[in-house]
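Student: Pasted the sequence and its predicted model underneath.
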Amino acid sequence: MSTGNPRKIFRGGTVVSMDPAVPNLGKGDVLVEGDRIVAVGPAVQADDAEVIDAAGAIVLPGLVDAHHHAWLGVMRRMMPNVDDLFDYIAVVAEALGSAYRPEDMYQSTRLTAVASLDAGITTIIDACHNSRSPEHTDAALAAFQEAGIRALHMVGKPMDKKASPLHLPGDLARLAGKWGSSETDLVRVGLFGQFDLDAWKVARGLGLRILTEFIGDLAKLGPEFAEKGVLGPDNIFNHCTRIPEDAWRLLADAGVNVTVNPRSDALFGFDDESFAYQQAIDHGLTPALGIDLDTAFGSDMFGEMHALFSQQRSAMRYRKFRGEADVPAPISVQAVLEAATVNGARAAGLQSQIGTLTPGKQADIIMVRADGIGVFPPTNAIGAVVQAIGRSDVDTVMVAGRIRKRHGKLLGVDTGRLFSDIAASRDHLFAAAGYRPEGFEKSFPPLDAA
């Protein structure tokens, strides 16, 4: 348990900085004072600091989940076999989502937040397309704040036909004044604005980031998006699957942020061998990784890293084997970890604060055990993180200098009470929607079959 000492040092671990100017260390130290990293080196002097013994462990920046619908936490793995987006929407939005109370928003977001911390995720970009009222939004924000995770909560209109979100985008002004007004605030707000340019103007007037989900089969960028100032670095485009070359040029020229969800994009069949991650790289962009769905995957960035590595190599080799010239090179584990840290920080607009172990930055740090039977020996530290480490190996999680997980246990979380609250929320939603999936399904049961 932390003593409350404002100075803490990760001592004697393998250090992966993710900063080209800060060397990786086979054995080194990371000194934290308050909420900041103050030194990274092979033998940092800090006699008065609380020691976190990092021997046999890898110390690295906290993972950034750059796209997650946190309000789906209560629906975890409810539909592992779904493959049709509109079947999914019928259940998630029209049936269950329309029954959400602020209490359900709070509980689901809380579960997602603490599960993320448990898995080494210190920052989440929360794509909330169920902001049914100001009270729902306040409940989600309170959940993030209480969990102690860093979050960018993107407020968005609900997807179901029953909602009447007249409070949006007007409520953004109230929210922007309360959340993220200070550089050190952990919880901030933005707009999940899709292609609503009027709403984008409101968000931009408040200095907020703008999120759009872009699937080429379902949407196109009209000529208005080529006008000066419509697209910019404050935009985050998620998925970006099967979009045409002219759209990629628009995104690249404007310097937008791109996020991809390897497992979710495969689940719904959004992507193909052109591979959105690779398209973003080829156009000079820096794609970040998101988990997207609790309904299938839960909070596990290690799974996304595994999927990105395998899918990129499979897609590029398929293109090579069918005779395509100048196929991009196979992805490296370094690039995968950059997508899960540095690039995610950039997507959130926090690249000057988090994403690397750089003195002066916020102390968002994780320590993962590399001395277990499934990982040892960690001959290549980055390879171990990307290809071998899992949730159970996450020993310590620190957000802005505060320890949220230590010795493999979450701090300050009553899991028994949390599970009871989540079960009650789930039961309410199932009863309100008249939907209860069969627990051993072999295929996805549509709404009218449940």
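Tutor: All right, it came through fine.
Student: is it true that R391 touches F302?
Tutor: Yes: counting by C-beta atoms under 8 Å, R391 touches F302, with 6.9 Å between them. For glycine as for every other residue, the C-beta is placed from the backbone atoms N, C-alpha and C.
Student: Compare the two (neighbour count), which wins?
Tutor: Neighbour comparison, R391 and F302: the larger count goes to F302, with 22 against 18 (by other C-beta atoms under 10 Å).
Student: how close does A55 sit to G229?
Tutor: Distance of A55 to G229, given as C-beta to C-beta, to the nearest Å: 52 Å.
Student: Give me the more crowded residue out of these two.
Tutor: Neighbours were counted for A55 and for G229 using other C-beta under 10 Å; A55 has more, 10 against 7.
Student: All the helices of this protein, residue numbers only.
Tutor: With DSSP state H, the ranges of helices along the chain come out as 85-89, 102-118, 134-147, 171-178, 197-205, 245-254, 262-267, 276-282, 301-321, 333-340, 342-347, 381-387, 415-433.
Student: before we move on, the earlier item: name the residues contacting each of R391 and F302.
Tutor: Common contact partners of R391 and F302 (C-beta atoms under 8 Å, 6 or more residues apart in numbering): A119, G120.
Student: any low-confidence regions in the chain?
Tutor: Residues of the chain that meet the criterion pLDDT under 70 lie in 1-3, 444-450.
Student: Now with 50, please.
Tutor: Along the chain, the parts satisfying pLDDT under 50 run over 1, 449-450.
Student: Show me how it divides into domains.
Tutor: The record assigns the chain these domain ranges, following automatic domain parsing: 7-61+352-410, 63-347.
Student: Quick check: which of those domains is nearest to S443?
Tutor: Evaluated with C-beta to C-beta, the domains of the chain place domain 63-347 nearest to S443, the distance being 5.2 Å.
Student: now the domains of the chain as TSV including distance to D427?
Tutor: As requested, the domains of the chain are arranged in TSV below (distance: least, C-beta to C-beta, whole Å):
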stretch	distance to D427
domain 7-61+352-410	24
domain 63-347	10
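Student: if I pick L429, what's in contact with it?
Tutor: V74, L96, A99, Y100, D104.
Student: would you list those residues in a markdown table and tack on distance to E245 and neighbour count?
Tutor: A markdown table is the format used below for the contacts of L429 (distance: C-beta to C-beta, whole Å; neighbours: other C-beta atoms under 10 Å):
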| residue | distance to E245 | neighbour count |
| --- | --- | --- |
| V74 | 40 | 28 |
| L96 | 38 | 25 |
| A99 | 42 | 18 |
| Y100 | 39 | 24 |
| D104 | 42 | 27 |
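Student: Nearest residue to L175 in space, ignoring adjacent ones along the chain?
Tutor: Closest residue to L175 apart from its sequence neighbours, by C-beta to C-beta, 6 or more residues apart in numbering: V189 at 4.5 Å.
Student: does the one you found have beta-bridge partners, and which?
Tutor: Assessed by DSSP bridges, V189 has beta-bridge partners H153.
Student: and what of I37?
Tutor: Beta-bridge pairing for I37 (DSSP bridges): V32.
Student: Show the contacting residues for it.
Tutor: Neighbouring residues of I37 by C-beta under 8 Å, 6+ apart: V30, L31, L357, T358, P359, G360, K361, Q362, A363, I365.
Student: now, which of the residues you listed lie within strands?
Tutor: The members of the contacts of I37 that map onto strands under DSSP state E are V30, L31, I365.
Student: Out of these, who's the most crowded?
Tutor: With neighbours set by other C-beta under 10 Å, the maximum within these is found at V30, which has 29 neighbours.
Student: What's opposite the residue nearest to that one when sequence neighbours are not counted in the beta bridge?
Tutor: Distances taken as C-beta to C-beta, 6+ apart place F10 nearest to V30, at 4.3 Å, with adjacent residues excluded. Beta bridges link F10 to V30, I52, judged by DSSP bridges.
Student: which residues touch F10?
Tutor: Taking C-beta under 8 Å, 6+ apart, one finds D29, V30, V32, I52, A54, V59, I365, M367, T396 in contact with F10.
Student: residues making contact with stretch 270-280?
Tutor: 215, 217, 239-243, 248, 258, 260, 262, 264-265, 286-287, 308, 311-312, 315-316, 318-319, 328, 339.
Student: Stretch 93-100 now?
Tutor: For stretch 93-100, the external contacting residues (C-beta under 8 Å, 6+ apart) are 71, 75, 129-130, 132, 136, 158-163, 428-430, 432-435, 447.
Student: if you set the cut-off to 6 Å instead, what comes out?
Tutor: N130, M159, D160, K162, L429, A432, A433, Y435, L447 (C-beta atoms under 6 Å, 6 or more residues apart in numbering).
Student: on that earlier part again, for PyMOL, what selects the buried ones among the contacts of stretch 270-280?
Tutor: In PyMOL, a selection of the buried entries from the contacts of stretch 270-280 looks like this (16 or more other C-beta atoms under 10 Å):
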select buried, resi 215+239+240+241+242+243+248+258+260+262+264+265+286+287+308+311+312+315+316+319+339
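Student: how near is the residue nearest the centre of the chain to A21?
Tutor: Closest to where the C-alpha atoms of the chain average out (C-alpha atoms, centre = their mean) is D65, at 1.6 Å. According to C-beta to C-beta, D65 stands 26 Å off from A21.
Student: now do S133
Tutor: According to C-beta to C-beta, S133 and A21 sit 46 Å apart.
Student: Give me the more crowded residue out of these two.
Tutor: The neighbour comparison of S133 against A21 (other C-beta under 10 Å) goes to S133, with 20 against 8.
Student: Please report how far the residue nearest to the more buried one when sequence neighbours are not counted lies from V15.
Tutor: Nearest non-adjacent residue to S133, counting by C-beta to C-beta, 6+ apart: H167, 6.3 Å away. Distance of H167 to V15, computed by C-beta to C-beta: 46 Å.
Student: who has more neighbours, these two?
Tutor: Shown here are H167 and V15; by other C-beta under 10 Å, V15 has more neighbours (24 against 18).
Student: Hmm, L25 and that one touching each other?
Tutor: Yes: with contact defined as C-beta atoms under 6 Å, V15 reaches L25; the gap is 4.1 Å.
Student: which of the contacts of I37 count as buried?
Tutor: When those are checked for burial by 16+ other C-beta under 10 Å, the buried set is V30, L31, L357, T358, K361, Q362, A363, I365.
Student: what's the closest of these to L152?
Tutor: Using C-beta to C-beta, these come closest to L152 at Q362, 14.0 Å.
Student: Surely the closest one touches Q351?
Tutor: No: the pair Q362 / Q351 is not scored as a contact, 11.4 Å apart, by C-beta under 6 Å.
Student: list the contacts for F237?
Tutor: Neighbour list for F237: T212, F214, V256, V258 [criterion: C-beta under 6 Å, 6+ apart].
Student: Give me the neighbour count for the first one.
Tutor: By that I understand T212. T212 has 23 neighbours, counted by other C-beta under 10 Å.
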